[in-house]
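# Turn this into a model:
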Amino acid sequence: MIDNRTAPWGALLLRVTLGVMFIAHALLKYSVFTLPGTAKFFASLGLPGPLAYGVFWAELIGGTLILVGCGSRWASAALVPVLLGALWAHLPNGWVFSAPNGGWEYPAFLAAAAAAQALIGDGPYAIGSVFQRRRASPEYA
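Predicted coordinates:
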C-alpha cells in the first residue's frame with residue numbers, strides 16, 4: 001500500500017537526487033574529462049565520438065528538467081537509453097562500481113531509478129505542478 005502522506009516526499013527525493021546526478025555527470029564530462037576527451041573515450045568503445053556531445057547536453061538539460069520538476073517524466077524516459085549505454089560501457093568491468101574502470105551496478109541502478117521517475121512524473125513539489133494548477137484554474141479556461 002502506498003502511504004499518501006510520505007509518497008510525495010519520496011517522489012521529491014528521487015527527482016532531486018536523479019536530477020543532481022545527471023547534472024553532475026554532465027559537468028564531469030565538461031570540466032574533468034573535457035568534451036573532446038569524452039568523445040575520444042566514446043570512440044575507444046566503438047561509439048561515434050560526436051555522440052558524447054549529445055550525451056552531455058541530454059544529461060545537462062534533462063537533469064535540469066528533472067531537478068526542477070518540469071517534464072521530468074519525459075526527461076527521465078529520454079535518459080534511460082543514455083544510462084543503458086553507460087551500463088553497456090561498464091559491463092565488461094564486472095559488477096562492483098569500485099572495480100577498475102567502474103562496474104555496471106551503478107548505471108543499472110540509475111537506469112531503474114530513471115524508469116521509476118518516468119513512471120512517477122513530476123510529483124507535487126515541482127515547477128511543472130504549478131503550471132498544471134494554473135491551466136486547471138477557471139480563470140485560465
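# in what helix or strand does the residue nearest in space to the middle of the chain lie?
Closest residue to the average C-alpha location of the chain: F22 at 4.7 Å, with C-alpha atoms, centre = their mean. In this assignment (DSSP states H and E), F22 forms part of helix 7-27.
# ok, and what's touching that helix?
The contact list for helix 7-27 (C-beta atoms under 8 Å, 6 or more residues apart in numbering) reads 56-57, 59-60, 62-69, 72, 76, 79, 110, 113-114, 116-117, 120-126. Heads up, the C-betas are built off the backbone N, CA and C, glycines and all.
# Recalculate using a threshold of 10 Å.
Contact with helix 7-27 is made by 2-3, 55-69, 72, 75-76, 79, 82-83, 86, 106, 110, 113-114, 116-117, 120-126, 129, as judged by C-beta atoms under 10 Å, 6 or more residues apart in numbering.
# buried ones in whichever helix or strand comes after that helix?
In the C-terminal direction, the helix or strand that comes right after helix 7-27 (DSSP H and E) is helix 35-44. When burial is assessed from 16 or more other C-beta atoms under 10 Å, helix 35-44 yields the following buried residues: L35, T38, A39, F42.
# Also stretch 4-15?
Applying 16+ other C-beta under 10 Å to stretch 4-15 flags P8, A11, L12, L14, R15 as buried.
# A43 versus the third one, what's the distance?
Meaning L12. Distance from L12 to A43, counting by C-beta to C-beta, to the nearest Å: 39 Å.
# again, but for the first one
P8 is 43 Å from A43, where distance means C-beta to C-beta.
# And the fourth one, by the same measure?
Separation of L14 from A43 (C-beta to C-beta) stands at 33 Å.
# repeat for the second one
Here A11 is placed at a distance of 38 Å from A43 (C-beta to C-beta).
# hmm, back to that, what distance separates the helix holding F22 from the centre of its chain?
Distance of helix 7-27 from its chain centroid, counting by C-alpha atoms, centre = their mean, to the nearest Å, is 8 Å.
# Equivalent analysis for stretch 29-46, please.
19 Å.
# nearest spatial neighbour of G102, skipping sequence neighbours?
In space, and not counting its chain neighbours, G102 is closest to H90: 5.1 Å by C-beta to C-beta, 6 or more residues apart in numbering.
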